[in-house]
Every structure is written in structure tokens, then in C-alpha cells.
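Visitor: coordinates for the following, if possible.
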Amino acid sequence: MNATEVADMFTSMTKVSVEFNRQLDLIGNAPHPLSQATVDALTRLLAIVAPAARTREQMALLPPPLLMDGIHEWLNRAKPTDGTSAWQRASRAWSAADAR
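Guide: Residues are numbered from 1 along each chain as shown. As a prediction, this is how the structure comes out:
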């Protein structure tokens with residue numbers, strides 16, 4: 001495994017996190033939470049989360065230097081043109097996630 005593959009894992013986990021939160025919002029705002037529609041939404045949610053949980057388990061086994069290299073690669077993929085650093089972008093993203 002290399003830093004690019006680890007960055008791909010972070011990208012995948014980010015996409016899953018966004019979709020996970022979207023599905024939870026839909027379920028939480030359902031007019032009839034005890035319905036087949038909720039069961040269907042929970043089933044979709046499980047299908048989204050199960051592979052991500054396996055990815056997270058794989059990431060937990062990686063050596064910290066490889067994880068750090070992967071994070072660096074992941075953050076640098078979307079470098080903005082406004083001159084902000086990877087640390088600033090990560091801090092802003094984490095702060096936004098905590099606010100939810």
C-alpha cells in the first residue's frame with residue numbers, strides 16, 4: 001500500500017460520511033419513522049456503512065507514517081488557489097463537521 005491508495009481510502013470515507021449524514025437526516029425527518037420507507041432507508045444506510053467500516057478497519061492497521069503520507073496526499077489533491085494550507089483546510093473541514 002502507498003500514500004495514493006491511502007488518500008483514495010480517505011476520499012472514499014469522506015464520501016461515505018456525507019451520504020451517511022444525508023441518509024440520517026432523511027430518516028430523522030421522516031413524517032412516519034416507523035414505516036417501510038424507514039426500514040428501506042436503514043437498509044440503504046447499512047449497505048453504505050458496512051464497506052466503510054471494513055475500510056476503517058484496514059486503515060487502523062496501517063503504520064502511522066503511511067497514514068500521515070496518505071493524509072498529506074488527500075489534502076493536497078484539492079488545493080485551493082487562495083493559498084490556504086492543507087492544515088487550514090483540514091481544520092476548517094473538521095470544525096464544520098463538529099458543528100453538525
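Visitor: quick check: residue 72 vs residue 90, distance?
Guide: 10 Å (Cβ to Cβ, to the nearest Å). (Each C-beta comes from the backbone N, C-alpha and C, glycine too.)
Visitor: for residue 79, same thing?
Guide: Residue 79 is 12 Å from residue 90, by Cβ to Cβ.
Visitor: equivalent analysis for residue 43, please.
Guide: Taken as Cβ to Cβ, the span from residue 43 to residue 90 is 33 Å.
Visitor: please say which of those two ends up with more neighbours.
Guide: residue 90 (13 against 10; other Cβ atoms under 10 Å).
Visitor: can you tell me the SS state at that one?
Guide: helix (DSSP: H, G, I helix; E, B strand; the rest coil).
Visitor: so what's it up against?
Guide: 71, 75 (Cβ atoms under 8 Å, 6 or more residues apart in numbering).
Visitor: kindly recompute the last result at 7 Å.
Guide: When contacts are counted by Cβ atoms under 7 Å, 6 or more residues apart in numbering, residue 90 touches residue 75.
Visitor: before we move on, what about residue 17?
Guide: Residue 17 neighbours (Cβ under 7 Å, 6+ apart): none.
Visitor: hmm, residue 55 is touching residue 8, no?
Guide: No - judged on Cβ atoms under 7 Å, residue 55 makes no contact with residue 8 at a distance of 9.7 Å.
Visitor: low-confidence ranges in the chain?
Guide: Residues of the chain meeting the criterion pLDDT under 70: 80-81, 96-100.
Visitor: where exactly do the helices run in it?
Guide: According to DSSP state H, the chain carries its helices in the segments 3-28, 36-60, 64-77, 86-99.
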